[in-house]
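Novice: Give me a 3D structure for the following:
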Amino acid sequence: MTEDFDLEAITGTFDTSSIRIYNSYFVSTRIISCIKTTINFCCELGLIRLDRTCSRCRKPCKLVKEKRKEDARFPLTFRCYNRKCILYNRYLSIRSGTFFEGAHIWVQEVILMASIFCFGKYDYESLIYQCNIRDDETLLSTRSISDWLTFFREVCIFAVCDHTNGKIGGPGLVVEVDEAKFGKRKSNVGRIVDGQWVVGGICRETQDVFLVPCPENRRIAICLLNIIQNNINPGSIIITDCWKGYDSLTESGWNHYTVNHSYNFIDPNSGAHTQNIESLWWQVKRSLPDTHTRKDGHLIYHFGEFLYRRKFFTDMPKSLLTFLKHAAELYPPPI
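Specialist: Predicted structure coming up:
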């Protein structure tokens, strides 16, 4: 990580097609093993820039190697050489204003952790040891891993919100709606006794979904109606179970069908069923880590991750590229 390199080798370009699958092995051996390729890779995806103007005099800064200390994260910095500028000869890290700003771990460790995150099979212990790339064998703390996983999920939420049309369904389209409770079971058995109520919906034709925690954790008719109005397009055909909280949908002008699960999974008269939303609940709960049982704001982060994977990770070998490009959209480097 501390090898010397020629500044002219920093071209800002990287052939992303040269790597077939962006898993932790290829990221470790083909990208972060060399400072030059790490920087070029980040430039190619828009995470950093090799040019910047001074924030004070607005004249171009010069990219130079960091000489004050050996920085294995990114040994590059910008300097303003305008003698009339108040910021003359001052250093500004190339990471400033980017996705990597304020990182107390190496950029290489962030990229490696992101590659493991994108493939979905991870836990804290595996991340600690798989991200062990320092010569002195220093391990990442669980606090650092927790913080960066939260940052990653923020990127997921941003991308889902930025690349979706908002409401699902539409005239003649069928949307299945249901509510579920996420939380703890007493002695790990039986019904959930403490947790968060969530309303979900899935459009059969487009497979678009929404997941919304109930405001103030209240599972009441007015909350359900507001969530449906905010997340489903008018003209949609809504199918739910026979819970009385949905009775006001027809009165509010929705085309509403029900299925009574006490007697049938599929209504014998209308053919209505909620098998798609029931399957969605199974997928969501299966994707959640054990920590989702806490009644804080973390549940929405896990929902964002689930929806992001469902929407964008259609090509798993290239999932890291997709994720880092979205990170660059959320944190565009200053010009």
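Novice: Helix or strand next in line after the helix or strand harbouring residue 26, which one?
Specialist: Using DSSP states H and E, residue 26 maps to helix 24-30. Under the assignment DSSP H and E, the closest C-terminal helix or strand after helix 24-30 is helix 35-44.
Novice: List the buried residues of that following helix.
Specialist: Within helix 35-44, the residues scored as buried using 16 or more other C-beta atoms under 10 Å are 35, 37-44. Yep, even glycine has a C-beta here, placed from its N, CA and C like the rest.
Novice: Identify each buried residue in whichever helix or strand comes after that helix, please.
Specialist: Beyond helix 35-44 on the C-terminal side, the first helix or strand identified by DSSP H and E is strand 62-65. Neighbour-count burial for strand 62-65, counted by 16+ other C-beta under 10 Å, picks out residue 63.
Novice: same for strand 62-65, what does it pack against?
Specialist: strand 76-79 (3 or more C-beta pairs under 8 Å, 6 or more residues apart in numbering; DSSP states H and E).
Novice: burial measure for the nearest residue to residue 27 once chain neighbours are set aside, as a count.
Specialist: Excluding the flanking residues, the one nearest residue 27 by C-beta to C-beta, 6 or more residues apart in numbering is residue 115, at 4.4 Å. Per other C-beta atoms under 10 Å, the neighbour tally for residue 115 reads 25.
Novice: which stretches of the protein form helices?
Specialist: Listed in chain order, the helices of the chain (DSSP state H) span residues 24-30, 35-44, 107-119, 124-130, 142-162, 221-231, 248-251, 275-287, 298-312, 319-330.
Novice: what angle do the fifth one and helix 298-312 make?
Specialist: Think helix 142-162. Compare the direction of helix 142-162 with that of helix 298-312 by axes from the mean of the first three to the mean of the last three C-alpha atoms, to 10 degrees and you get 60 degrees.
Novice: So what's the gap between helix 142-162 and the chain middle?
Specialist: Here helix 142-162 is found 5 Å from its chain centre; the criterion is C-alpha atoms, centre = their mean, to the nearest Å.
Novice: Please name every helix or strand in contact with that helix.
Specialist: helix 107-119, helix 124-130, helix 298-312, helix 319-330.
Novice: buried residues in it?
Specialist: Neighbour-count burial for helix 142-162 [16+ other C-beta under 10 Å]: 144-145, 148-149, 151-160.
Novice: Tell me the bridge partners for residue 63.
Specialist: Beta-bridge partners recorded for residue 63 (DSSP bridges): residue 78.
Novice: so who does it touch?
Specialist: 7, 10, 50-51, 76-78, 94 (C-beta atoms under 8 Å, 6 or more residues apart in numbering).
Novice: Quick one: closest of the helices of the chain to residue 200.
Specialist: With respect to residue 200, and counting by C-beta to C-beta, the nearest of the helices of the chain is helix 275-287 at 6.1 Å.
Novice: Now that closest one: buried residues?
Specialist: Using 16+ other C-beta under 10 Å as the test for burial, helix 275-287 gives 276-278, 280-281, 284.
Novice: residues near residue 59, how many?
Specialist: Residue 59: 12 neighbours (other C-beta under 10 Å).
Novice: Would you mind confirming that residue 232 makes contact with residue 168?
Specialist: Yes. Under the criterion of C-beta atoms under 8 Å, residue 232 makes contact with residue 168 at 6.1 Å.
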